[in-house]
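Colleague: Pasting a predicted model and its sequence here:
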Amino acid sequence: MTTEPISMLWQDGTFRANEALPIDPLSVDVPSLYRDMVMSRRVDTEAIALQRQGELGLWPSLLGQEAAQVGAARAMGPRDVAFPTYREHGVAWCRGVDPVNLLGLFRGTTLGGWDPAANNFNLYTLVIGAQTLHAVGYAMGIVRDGDVGTGDPARDRAVLVFLGDGALSEGETNEAFVWAAAQNLPVVFFCQNNQWAISAPYSVQSRVPVAQRAEGFGFRGVRVDGNDVLACLAATRKALAVARSGNGPTLIEALTYRRNPHTTSDDDGRYRTGAENDEWEALDPIDRVRRYLEASGRIDEAFVDELAKEEQVLAERLRTGCRSLPDPRPDSSFRNTFVDLPAELEKQMTEHIEFVEAGE
């Protein structure tokens, strides 16, 4: 496989077709992709501000990864299911998850805050790599339900699981690759290689590109420019189509860069240079799409003004919504563990509620 990432939307805003991933930009609602990227970044910016004000305990930023997340998410069909890490705020946005609910997890008022079934978007996974096995297990269920390879687009479905480059060093991820390949499962592994697993660069984890590792497990790998939203969209569309048709897994490597610290508790200045960050800031994925849209006349001043207003409304709702999140009820951790609560847990829940109420 080629190690050069596939790119079609270049930094100067020009589009150059690539036979490896054919896509017609005029058939894509690129202004909508741009809007999703801008709004996702605003969620991120406001969440960081709220954390600095003491309203959130922690926040993992997505700055620089908007194209990868939005491109992948918009490739999904309505019945496809996403399994995120803890940084997929752009995917959550595209899947219709209320961003205020994202804040609840990091404010400590909820263990998730949204119904995974409502948006086919599962809860954030804080344990590195664990979501890859969750996704593979779900894909096994899809096969057993007969919802793959039927040729019926209203029935066939697939799983899209997100991971970072750090997850590739986890046993769970490699086990997931083995199972996905051996059982030819309808799952797409979308790795946002943002080049830093907390403070460890990718160079200390592997001697080959992420996508090339798929060959060792016996399935396809593709490497794309993770700052090119159209490349990410095209690659994920193709991989999901392959998965739904019953032709097995794909590993997509979206080569990008995490421009903010790993989380708001991290000091990235201890392990990387500001010059490196500046270099990637010049490759900003949102700027790239905006240049293309302006050059092709697909957005105008009215569009930009309206988007700015939407951003402001979102920002105000996030600030108000975050501070208004209710404290968790003492029975919430019990209620959301089992569909039918076992008698022993029912007893423990009653005792816990009585203990809490006695202390109030």
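Modeller: That came through, no problem.

Colleague: Export the helix or strand where Ala234 lies to CSV, keeping only CA atoms.
Modeller: In the assignment (DSSP states H and E), Ala234 maps to helix 229-244. C-alpha atoms of helix 229-244 as CSV (Å, rounded to 0.1, in the frame of the first residue of the first chain):
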residue,chain,number,x,y,z
VAL,A,229,-13.1,16.3,5.0
LEU,A,230,-13.9,15.0,1.5
ALA,A,231,-11.2,12.3,1.7
CYS,A,232,-12.5,11.2,5.1
LEU,A,233,-16.1,11.2,3.8
ALA,A,234,-15.2,9.2,0.6
ALA,A,235,-13.0,6.6,2.5
THR,A,236,-15.6,6.0,5.1
ARG,A,237,-18.4,5.7,2.6
LYS,A,238,-16.5,3.1,0.7
ALA,A,239,-15.5,1.1,3.7
LEU,A,240,-19.0,1.1,5.2
ALA,A,241,-20.4,0.0,1.8
VAL,A,242,-18.0,-2.9,1.8
ALA,A,243,-18.9,-3.8,5.4
ARG,A,244,-22.7,-3.7,4.7
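
Colleague: could you point out which element follows it?
Modeller: Next along the chain after helix 229-244, with elements defined by DSSP H and E, is strand 250-255.

Colleague: who's in contact with the residue most central in space within the chain?
Modeller: Nearest residue to the geometric centre of the chain (CA atoms, centre = their mean): Glu88, 3.1 Å. When the contact criterion is CB atoms under 8 Å, 6 or more residues apart in numbering, the partners of Glu88 are Leu62, Gln69, Ala82, Tyr124, Phe162. For glycine as for every other residue, the C-beta is placed from the backbone atoms N, C-alpha and C.

Colleague: before we move on, the earlier item: which helices and strands does the helix holding Ala234 pack with?
Modeller: helix 30-52, helix 66-73, strand 159-164, strand 187-193, strand 220-225, strand 250-255, helix 285-295 (3 or more CB pairs under 8 Å, 6 or more residues apart in numbering; DSSP states H and E).

Colleague: how does it look with 7 Å?
Modeller: Packing contacts for helix 229-244, counted by 3 or more CB pairs under 7 Å, 6 or more residues apart in numbering; DSSP states H and E, involve helix 66-73, strand 187-193, strand 220-225, strand 250-255.

Colleague: send the alpha carbons of the worst-scoring helix or strand of the chain on mean pLDDT over as PDB?
Modeller: Ranking every helix and strand in the chain by mean pLDDT, DSSP states H and E puts helix 332-335 at the bottom, with a mean of 84. Provided in PDB are the C-alpha atoms of helix 332-335 (Å, rounded to 0.1, in the frame of the first residue of the first chain):
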ATOM      1  CA  SER A 332     -29.600   6.800  38.800                       C
ATOM      2  CA  SER A 333     -26.600   4.400  38.800                       C
ATOM      3  CA  PHE A 334     -28.900   1.500  39.700                       C
ATOM      4  CA  ARG A 335     -31.700   2.400  37.300                       C
END
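
Colleague: Name the surrounding residues that touch it.
Modeller: Residues outside helix 332-335 that contact it (CB atoms under 7 Å, 6 or more residues apart in numbering) are Leu111, Leu341, Leu345, Met349.

Colleague: Which is the succeeding secondary structure element to that helix?
Modeller: As assigned by DSSP H and E, the chain's next helix or strand after helix 332-335 is helix 343-359.

Colleague: How far away from the center of its chain is that following helix?
Modeller: Per CA atoms, centre = their mean, to the nearest Å, the displacement of helix 343-359 from the mean C-alpha position of its chain is 37 Å.

Colleague: do the same with stretch 224-233
Modeller: Stretch 224-233 has its C-alpha centroid displaced from the chain centroid by 14 Å (CA atoms, centre = their mean).

Colleague: what comes up buried for the least confident helix or strand of the chain?
Modeller: Buried residues in helix 332-335, counted by 16 or more other CB atoms under 10 Å: Phe334.

Colleague: swap in stretch 37-48?
Modeller: Quick answer for stretch 37-48 (16+ other CB under 10 Å): Met37, Val38, Met39, Ser40, Arg41, Arg42, Val43, Asp44, Glu46, Ala47, Ile48.

Colleague: ok, now stretch 165-179?
Modeller: Within stretch 165-179, the residues scored as buried using 16+ other CB under 10 Å are Asp165, Gly166, Ala167, Leu168, Ser169, Glu170, Glu172, Thr173, Asn174, Ala176, Phe177, Trp179.

Colleague: Need the phi and psi values for Arg259.
Modeller: phi -80, psi -20 (degrees, to the nearest 10).

Colleague: and it, how many neighbours?
Modeller: 19 (other CB atoms under 10 Å).

Colleague: Can you report how many residues lie near Asp266?
Modeller: 17.

Colleague: ok so it is a strand residue?
Modeller: No - using DSSP: H, G, I helix; E, B strand; the rest coil, the assignment for Asp266 is coil, not a strand.

Colleague: On the pLDDT front, check the closest residue to it other than its chain neighbours for me.
Modeller: Closest residue to Asp266 apart from its sequence neighbours, by CB to CB, 6 or more residues apart in numbering: Ile198 at 6.9 Å. For Ile198, the pLDDT comes out at 92.

Colleague: Ok, Glu66 next?
Modeller: On the pLDDT scale, Glu66 is placed at 98.

Colleague: Roughly how far does it sit from Gln205?
Modeller: Using CB to CB, to the nearest Å, Glu66 is found at 24 Å from Gln205.
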